[in-house]
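Colleague: Below: sequence and its predicted model.
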Amino acid sequence: MHTLWFREHNRVATELSALNPHWDGDTVYQEARKIVGAELQHITYSHWLPKVLGDPGTKMLRDYRGYNPNVNAGIINSFATAAFRFGHILINPILYRLNNTLGEISEGHLPFNKALFSPSRIIKEGGIDPVLRGLFGVAAKWRAPSYLLSLELTQRLFSAAYSAAVDSAATIIQRGRDHGIPPYVDFRVFCNLTSVKNFEDLQNEIKDSEIRQKLRKFWYENPGVFTPAQLTQLKQASLGRVLCDNGDSIQQVQADVFVKAEYPQDYLSCSEIPKVDLRVWQDCCADCRSRGQFRAVTQESQKKRSAQYNYPDEKDMELSHRRNRQRDKIYVGEDARNVTVLEKTKFSQDFSTFAAEIQETITALREQINKLEARLRQAGCRDVKGVPRKAEERWMKEDCTHCVCESGQVTCVVEICAPAPCASPELVKGTCCPVCRDRGMPTDSPEKR
Ligand code: HEM
């Protein structure tokens with residue numbers, strides 16, 4: 001686009017110069033610059049912005065009513081830092097390169113990351129026209145949640161120039177923090193939209209209930225994120241303990257490191273500070289139900305977005321190029337939603353992968369249902385040690401782990417500890433939660449764990 005506008009300037013200048021042979025170079029340059037600036041303003045406000053803002057937004061913009069020296073022409077911080085970066089979701093992960101009949105050029109389309117920092121492609125691979133045709137001859141990217149920022153922008157941006165790629169999503173979020181931009185929920189109220197308290201209130205904006213559910217799970221106490229046993233352990237965590245475990249050689253800290261304490265009397269040895277017992281993350285126990293939950297969430301948070309939203313890797317590209325030459329030209333989605341252009345072959349390939357994935361999921365679910373039904377038919381259970389337990393039987397597994405046999409399945413729950421009402425709670429044998437008691441007891445007391 002820069003080359004296009006640079007050429008436009010020179011074209012206008014040449015024509016002006018022919019019309020006004022008496023103008024000096026500076027006059028030709030300044031007048032051409034003024035004209036190109038005006039063209040850009042006209043196109044931006046009259047042709048582009050209405051597509052971005054829609055009718056109501058365009059009406060609010062109103063027509064130009066003359067220069068007003070009292071209007072601050074600067075843009076607000078939140079516009080530059082956040083709002084106008086919406087343009088990043090318009091970026092297509094593929095640069096389509098089309099010939100003059102809108103078919104793919106012999107060099108093929110380009111993944112976005114291969115296009116940056118490679119101006120030589122313009123010279124060697126057909127000039128600027130193929131890329132420009134790709135911009136006007138192909139529909140815009142589909143505005144579905146999973147298409148907003150492609151992996152090209154979050155995992156491969158500028159990878160041709162830097163050893164580590166830039167993550168545009170992370171940069172945008174971080175830039176918002178750098179600039180102290182108010183949170184989205186505050187902007188909703190400012191813009192007279194409904195106020196929101198939780199992700200369900202955003203169901204018109206985030207239509208996919210699965211995504212809303214995933215977002216909810218960022219709070220560690222939400223059901224399904226950790227098992228009850230894990231939660232109990234997590235609530236033993238303290239910054240003091242993290243300092244003890246990870247400092248170079250910190251041996252003593254106060255019980256609450258956020259509050260200054262007198263040394264040595266108010267300091268505790270690190271061994272006295274409660275610790276998160278990671279054994280409850282050991283991947284084998286009778287508590288299959290909660291183990292399943294834990295696994296699901298852990299895998300969910302690690303899962304990368306499906307490659308179907310992105311451009312194929314190099315080896316796939318070679319294959320697709322060969323196929324492309326034989327098959328139909330690109331067709332533009334006629335759908336009113338402006339569906340992304342898909343190559344016919346790629347579409348059917350994606351669809352087969354999708355169908356195979358669904359099939360796999362159905363088989364896995366069927367297996368789970370069979371297992372659950374088999375359990376329901378069982379009257380009792382067996383605990384971890386293989387001891388038979390009757391239906392509805394309850395027992396203590398350890399000091400603070402209650403188990404119950406329900407519907408053929410053992411479920412164990414670890415007691416949740418209330419915050420101890422003293423500065424230096426201790427873990428004492430026979431109790432689940434840290435207790436407050438006389439601090440005179442020696443630290444190596446056999447009662448201590
Ligand atoms: C080839 C496409 C694009 C690339 C590679 C790109 C890349 C970038 C990068 C790397 C930044 C700096 C991020 C930071 O460190 O804060 C940035 C900032 C920005 N981008 Fe883009 N961008 C592209 C297209 C767009 C479009 C189409 C728009 C709007 C329609 C846009 C709007 C902005 C804005 C408003 C900023 C912030 C500028 C500022 O802080 O003053 N970008 N872009």
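Modeller: Now that the structure is in, tell me what you want to look at.
Colleague: pLDDT at whatever residue of the chain ends up closest to the ligand, what is it?
Modeller: Of all residues in the chain, the one sitting closest to the ligand is Gly87 (2.0 Å; Cβ to the nearest ligand atom). Quick note: C-beta positions are derived from backbone N, CA and C, even for glycine. We have a pLDDT of 89 for Gly87.
Colleague: Over to it: give its phi and psi.
Modeller: Main-chain torsions, Gly87, degrees, to the nearest 10: phi -60, psi -30.
Colleague: Just want to check the distance between Gly430 and Glu398.
Modeller: According to Cβ to Cβ, to the nearest Å, Gly430 stands 11 Å off from Glu398.
Colleague: Which pLDDT value belongs to Leu268?
Modeller: Reported pLDDT for Leu268: 95.
Colleague: re the thing from before, looking at Gly430 and Glu398, which is more packed in?
Modeller: Here Gly430 and Glu398 are compared on neighbour count by other Cβ atoms under 10 Å; more neighbours surround Glu398, at 11 against 8.
Colleague: ok, that one - contacts?
Modeller: With contacts defined as Cβ atoms under 8 Å, 6 or more residues apart in numbering, Glu398 has no neighbours.
Colleague: what does Leu90 give?
Modeller: So Leu90 contacts 140-141 (Cβ under 8 Å, 6+ apart).
Colleague: helix, strand or coil for Val410?
Modeller: Three-state assignment for Val410 (DSSP: H, G, I helix; E, B strand; the rest coil): strand.
Colleague: thought it was touching His402?
Modeller: No. Applying Cβ atoms under 8 Å as the test, Val410 and His402 come out as separate, 11.1 Å apart.
Colleague: So the two - more neighbours on which side?
Modeller: Higher neighbour count among Val410 and His402: Val410, with 22 against 15, using other Cβ under 10 Å.
Colleague: Give the bridge partners for that one, please.
Modeller: Cys405 (DSSP bridges).
Colleague: Quick check: it vs Pro69, distance?
Modeller: 77 Å.
Colleague: Doesn't Leu16 lie inside a strand?
Modeller: No. With three-state DSSP as the criterion, Leu16 is located in helix rather than a strand.
Colleague: re the thing from before, quickly note the distance from the residue of the chain closest to the ligand to Arg216.
Modeller: In terms of Cβ to Cβ, Gly87 sits 29 Å off from Arg216.
Colleague: out of the two, which sits in the busier spot?
Modeller: It is Arg216, of Gly87 and Arg216, that has more neighbours when counted by other Cβ under 10 Å, with 15 against 9.
Colleague: how near is the closest residue to that one other than its chain neighbours to Trp219?
Modeller: Closest residue to Arg216 apart from its sequence neighbours, by Cβ to Cβ, 6 or more residues apart in numbering: Phe199 at 5.2 Å. Counting by Cβ to Cβ, the gap from Phe199 to Trp219 is 11 Å.
Colleague: of those two, who's got more company?
Modeller: Neighbours per residue (other Cβ under 10 Å) separate Phe199 from Trp219, with Phe199 holding more: 18 against 8.
Colleague: quick one: pLDDT of the more buried one?
Modeller: 88.
Colleague: ok, it touching Asp208?
Modeller: No. Using Cβ under 8 Å, Phe199 is not in contact with Asp208; the gap is 11.0 Å.
Colleague: Could I get the CA-only coordinates of stretch 169-178 as CSV?
Modeller: The C-alpha coordinates for stretch 169-178 follow below in CSV (Å, rounded to 0.1, in the frame of the first residue of the first chain):
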residue,chain,number,x,y,z
ALA,A,169,-2.1,-10.4,21.7
ALA,A,170,0.3,-10.3,24.7
THR,A,171,1.8,-7.0,23.5
ILE,A,172,-1.6,-5.4,23.2
ILE,A,173,-2.6,-6.5,26.7
GLN,A,174,0.7,-5.4,28.2
ARG,A,175,0.6,-2.0,26.4
GLY,A,176,-2.9,-1.4,28.0
ARG,A,177,-1.3,-2.0,31.4
ASP,A,178,1.7,0.2,30.5
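Colleague: Give me the distance from that stretch to the chain's centre.
Modeller: Computed by Cα atoms, centre = their mean, to the nearest Å, the chain-centroid distance of stretch 169-178 equals 12 Å.
Colleague: What part of the chain, helix or strand, is modelled with the least confidence?
Modeller: Every helix and strand of the chain was ranked by mean pLDDT, DSSP states H and E. The lowest is helix 314-326, at a mean of 43.
Colleague: State the distance from Gly74 to Gly66.
Modeller: Relative to Gly66, and taking Cβ to Cβ, Gly74 is found at 19 Å.
Colleague: which of the two has more neighbours?
Modeller: A direct count of neighbours by other Cβ under 10 Å for Gly74 and Gly66 places Gly74 higher, at 8 against 4.
Colleague: quick one: low-confidence parts of the stretch 1-150 of the chain?
Modeller: Scanning the stretch 1-150 of the chain for pLDDT under 70 picks out 145-146.
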